[in-house]
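[1] Pasted the sequence and its predicted model underneath.
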Amino acid sequence: MAIAALPLLPPARLAPLAAEYGDARRAGHRRVLAGAILVLVLALLSGWVAEVDPALLWERGGHFFGYFARILTLEAGPHAGSLVLRDPAEWLWGLPRWLALLGDTVLMAYVGTLLGCLGGFALGLLSAANIVRSAPLRWGVKRALEFCRTVPEVVFALIFVIAFGLGPLPGVLAIAIHTLGAQGKLFSEIVENIDMKPVEAATAAGASWTGMARFAVVPQVLPGFLSYALLRFEVNVRGAAVLGFVGAGGIGQDLVEAVRKFYYNDVAALLVLIILTVTLIDAGTGWLRRRLLGAA
Amino acid sequence: MAAPAPAGGRVKNAPRHPAFAPADARGAGGQLALAARARLPVLRAAHPEQFRAVTPKRLTVVGVVLAMTALLGLGIWRLEIEPARLLSGFGRLLHFLTLMVPPAPAPGAGLATVLHALAETLAIAFLGTGLAAIIAVPLGFLAARNTTIHGAVRVLSRRGLDGLRGVDALIWALIWVSVVGLGPFAGVLAIMTGDIGIFGKLFSEAIEAADRRPQEGVVAAGGSGAARVRFGVLPEVLPVMAGQVLYMFESNTRSSTIIGIVGAGGIGLVLAEMIRTLEWGAVSMIVLLILAMVAAIDLVSGRLRRAMIGGSGAAA
């Protein structure tokens, strides 16, 4: 009934408007269609380059889930053939060694994050437009930071392993360099966004440059810095867990060996331990971050 | 208040206003400061809290800094970070750097091989991101509070997504290599598996943040639950999702450069080989090409993202 009450335009005026609306819609549809075709062509091209083989996936895809079933089934001991949880002592036979390696992994992430953040703090200040006047200096620092964060951590680790020898040291350095690049950029953005009024007030009251930085800049940027540093620590724990793949210390070495030598139960144990550690660290830093931001 | 400035500019050693004259030999403060300092004992007695040298907050800060330093010391001891090793290592690193100039192709890393490997890397990133996005859309809807079919399904899909996300792409690559064999296909599947977790979470958050009013409008006009999602939620979240997919594509061009290290295709395999055989000229060439590729992808994808945000803004 309400529809009948709606005023309708006379057909003579409605027709051109409707035609225009139709044209606009068709143009929109054509754009979407063209985009879809482009994406499809790119996908087919990528599929060809990346040797995608759906038949292979169909044939072996079951193995992916089968793999998880297999790593979660005990291979030896009195309970062989049942779920790993039936016999945790047999499953987690290497727990003391793995816990020590996990500790090393977290320590690598910690030392790397700390060194990287300290360096990033200094370089971030040097590339902040409102603090440093020299444009060439800022440009140089920015490009260096970009290089440090674009080259993947693992590539640095590969090179450092050859220069410093196997072990956690090259891993720590790789994490530190990558962190430096990533944090330097974030820190300089925080510094560029500070409120300049406290800086002017401190300067006007006769504060020296260090006094100005200490009482006008640091209180503003510290919560942001710490929050980003904690986030980066989470990321670095994940990163440190795989640096062992290239011989740069931590739990990754054992994981890659377990996968390659088909120690199925060890793979499950290591994956579970890594996921647990990462989850715990995330929860801990999340709690710290909320406290920090709440206090700020 | 201030003394009038002498005409004809400042006279050297002209007497300044007493308020600006140094009150004591150190030159800090003026009469105000002197007055305040005279009242210091009174103030100290009135606000003992403010004059305590050691406040609980300061103690916490000192404690945290000490604990962090101790942990750093533990790390340096436990991870065998020794000055001698650092020095000799940096010496070798400098030597490698001199060998990296000029960048040059090497046997096993000719320009054609490297370019093909780069194309493979891009293809892995593109397909991995695309497939993950397609698979993650339904999962994202199931994991969002306002579009899920059941609370239990939501919790289950959330935990599943968390599990996928908790494992690094490099580990997924290792597992997929043992399932489908060496080659870029394993890389595609590895990038896809890790990204499903990320996309599922991002999508579900975008869906939960969608404006309720269009959805209520669809329901009030008699739309079904499916119509509410199609016409009330989808138009709003689709541009957000597309932006996230492009962003992850940028990120994945970076991660797919390294998964070759475990044999999952792409430039990583060539790069790792060149580093292990100490072909430093080829290493620097490959790194420069990776940097150029990442910069190009960032540029294109950034343009697209801005165009999309602008486009959706104009349409809204």
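    Here it is on my side, so go on.
[2] Only C-alpha atoms from now on, for both contacts and neighbour counts.
    Will do.
[3] Mind listing what's buried along stretch A:272-291?
    A:273-275, A:277-278, A:281-282, A:285-286, A:289 (16 or more other C-alpha atoms under 10 Å in any protein chain shown).
[4] Over to stretch A:193-204?
    In stretch A:193-204, counting by 16+ other C-alpha under 10 Å, buried: A:194, A:199, A:202-203.
[5] what about it and chain B, any contact?
    No. On the criterion C-alpha under 8 Å from any C-alpha of the partner chain, stretch A:193-204 is out of touch with chain B, staying 13.6 Å away.
[6] in the stretch 201-316 of chain B, which ranges drop under the pLDDT threshold?
    B:309-316 (pLDDT under 70).
[7] Point out where the stretch 51-200 of chain B drops to low pLDDT.
    In the stretch 51-200 of chain B (pLDDT under 70), no residue qualifies.
[8] try 90
    Scanning the stretch 51-200 of chain B for pLDDT under 90 picks out B:51-62, B:64, B:77-86, B:89, B:97, B:99-113, B:143-171, B:174-183, B:194.
[9] near chain A, which residues of it?
    B:72, B:75-76, B:78-81, B:85-86, B:88-90, B:92-93, B:119-120, B:122-124, B:126-127, B:163, B:166-168, B:170-171, B:174-176, B:179-180, B:183-185, B:188.
[10] Please list only the buried members of those.
    So, of those, B:72, B:75-76, B:79, B:81, B:86, B:89, B:93, B:119-120, B:122-124, B:126-127, B:166-168, B:170-171, B:174-176, B:179-180, B:183-185, B:188 end up buried under the neighbour-count rule (16+ other C-alpha under 10 Å).
[11] Nearest residue to A:Trp91 in space, please, no chain neighbours.
    With sequence-adjacent residues excluded and distances taken as C-alpha to C-alpha, 6 or more residues apart in numbering or on different chains, A:Trp91 is closest to A:Val84, at 5.9 Å.
[12] buried set for the helix or strand B:Val283 falls within?
    Using DSSP states H and E, B:Val283 maps to helix B:280-315. Neighbour counts over helix B:280-315 (16+ other C-alpha under 10 Å) mark B:280-287, B:290-291, B:293-294, B:297-298, B:301-302, B:305, B:308-309 as buried.
[13] which residues touch residue 253?
    Just going to use chain A. A:242-247 (C-alpha atoms under 8 Å, 6 or more residues apart in numbering or on different chains).
[14] um, chain B though
    So B:Thr253 contacts B:121-122, B:125, B:294, B:297 (C-alpha under 8 Å, 6+ apart).
[15] Can you give me the distance of the residue lying closest to B:Leu291 once chain neighbours are set aside to B:Ile261?
    Nearest non-adjacent residue to B:Leu291, counting by C-alpha to C-alpha, 6+ apart: A:Thr150, 6.8 Å away. Distance from A:Thr150 to B:Ile261, counting by C-alpha to C-alpha, to the nearest Å: 17 Å.
[16] So those two - more neighbours on which side?
    B:Ile261 (25 against 17; other C-alpha atoms under 10 Å in any protein chain shown).
[17] Identify the residues contacting A:Lys185.
    A:120, A:124, A:142, A:145 are the contacts of A:Lys185 under C-alpha under 8 Å, 6+ apart.
[18] And those, which is the shakiest by pLDDT?
    Among the contacts of A:Lys185, A:Gly124 carries the lowest pLDDT, at 86.
[19] what helix or strand is that one on?
    Assigned by DSSP H and E, A:Gly124 belongs to helix A:95-126.
[20] what residue is smack in the middle of the chain?
    Since you didn't name a chain, this refers to chain A. A:Val235 (5.2 Å; C-alpha atoms, centre = their mean).
[21] Can you look at chain B instead?
    B:Ser251 (9.5 Å).
[22] sec struct for that one, please.
    Of the three states, B:Ser251 takes helix according to DSSP: H, G, I helix; E, B strand; the rest coil.
[23] what's near enough to touch it?
    Here B:Ser251 is in contact with no residue (C-alpha under 8 Å, 6+ apart).
[24] That one and B:Thr257: what is the separation?
    Counting by C-alpha to C-alpha, the gap from B:Ser251 to B:Thr257 is 10 Å.
[25] what do you get for A:Phe164?
    23 Å.
[26] if we can go back for a sec, for the helix holding B:Val283, enumerate the helices and strands it packs against.
    With contacts defined as 3 or more C-alpha pairs under 8 Å, 6 or more residues apart in numbering or on different chains; DSSP states H and E, the packing partners of helix B:280-315 are helix B:83-100, helix B:234-255, helix B:267-276.
[27] Report the angle between it and helix B:83-100.
    80 degrees (axes from the mean of the first three to the mean of the last three C-alpha atoms, to 10 degrees).
[28] ok, back up a step: so which of the buried ones among the residues of the stretch 51-200 of chain B next to chain A sit within helices?
    B:72, B:75-76, B:86, B:89, B:93, B:119-120, B:122-124, B:126-127, B:166, B:170-171, B:174-176, B:179-180, B:184-185, B:188 (DSSP state H).
[29] helix or strand for A:Leu230, which one?
    helix A:218-243.
[30] What residues of that helix count as buried?
    A:220-230, A:232-243.
[31] Same question for stretch A:163-170.
    Taking 16+ other C-alpha under 10 Å as the criterion, stretch A:163-170 shows A:163-164, A:166-170 as buried.
[32] picking that back up, ok, the helix holding A:Leu230 near chain B or not?
    Yes. Judged by C-alpha under 8 Å from any C-alpha, helix A:218-243 and chain B are in contact via A:238-239, A:242.
[33] is it possible to export the residues you listed to a markdown table including pLDDT?
    Converted to a markdown table, these look like this (pLDDT from 0 to 100):
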| residue | pLDDT |
| --- | --- |
| A:Arg238 | 89 |
| A:Gly239 | 90 |
| A:Val242 | 90 |
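[34] Nearest to B:Ala272, out of those residues: which one, please.
    Set against B:Ala272, the nearest of the residues of helix A:218-243 next to chain B by C-alpha to C-alpha is A:Val242 (15.1 Å).
[35] where's that closest one relative to B:Ile258, distance?
    Distance from A:Val242 to B:Ile258, by C-alpha to C-alpha: 11 Å.
[36] any shared contact partners between the two?
    B:Leu170.
[37] Tell me the gap between stretch B:247-254 and the middle of its chain.
    Computed by C-alpha atoms, centre = their mean, to the nearest Å, the separation of stretch B:247-254 from the middle of its chain amounts to 12 Å.
[38] I figured A:Val246 was touching A:Leu158, is that so?
    Yes. Using C-alpha atoms under 8 Å, A:Val246 makes contact with A:Leu158 at a distance of 6.1 Å.
[39] is it true that B:Asp298 touches B:Glu250?
    Yes. Using C-alpha under 8 Å, B:Asp298 is in contact with B:Glu250, at 6.0 Å.
[40] B:Ala282 contacts B:Ala109, correct?
    Yes. Between B:Ala282 and B:Ala109 there is a contact under C-alpha under 8 Å: 6.8 Å.
[41] Mutual contacts of those two, please.
    B:Met274.
[42] now B:Ala227: how far from B:Pro214?
    Taking C-alpha to C-alpha, one finds B:Ala227 at 11 Å from B:Pro214.
[43] now swap in B:Val62 and tell me
    From B:Val62 to B:Pro214 the distance is 53 Å (C-alpha to C-alpha).
[44] Show me which of the two is the more surrounded one.
    Counted by other C-alpha under 10 Å, B:Val62 and B:Pro214 do not tie: B:Pro214 has more neighbours, with 17 against 12.
[45] check whether stretch A:68-81 contacts chain B.
    No. Counting by C-alpha under 8 Å from any C-alpha, chain B is not contacted by stretch A:68-81; separation bottoms out at 9.7 Å.
[46] to the chain's geometric centre, what's the distance from that stretch?
    33 Å.
[47] Next: stretch A:199-217.
    36 Å.
[48] One more: stretch A:122-130?
    23 Å.
[49] Excluding sequence neighbours, find me the nearest residue to B:Val262.
    Using C-alpha to C-alpha, 6+ apart, the closest residue to B:Val262 is B:Leu174 (6.1 Å).
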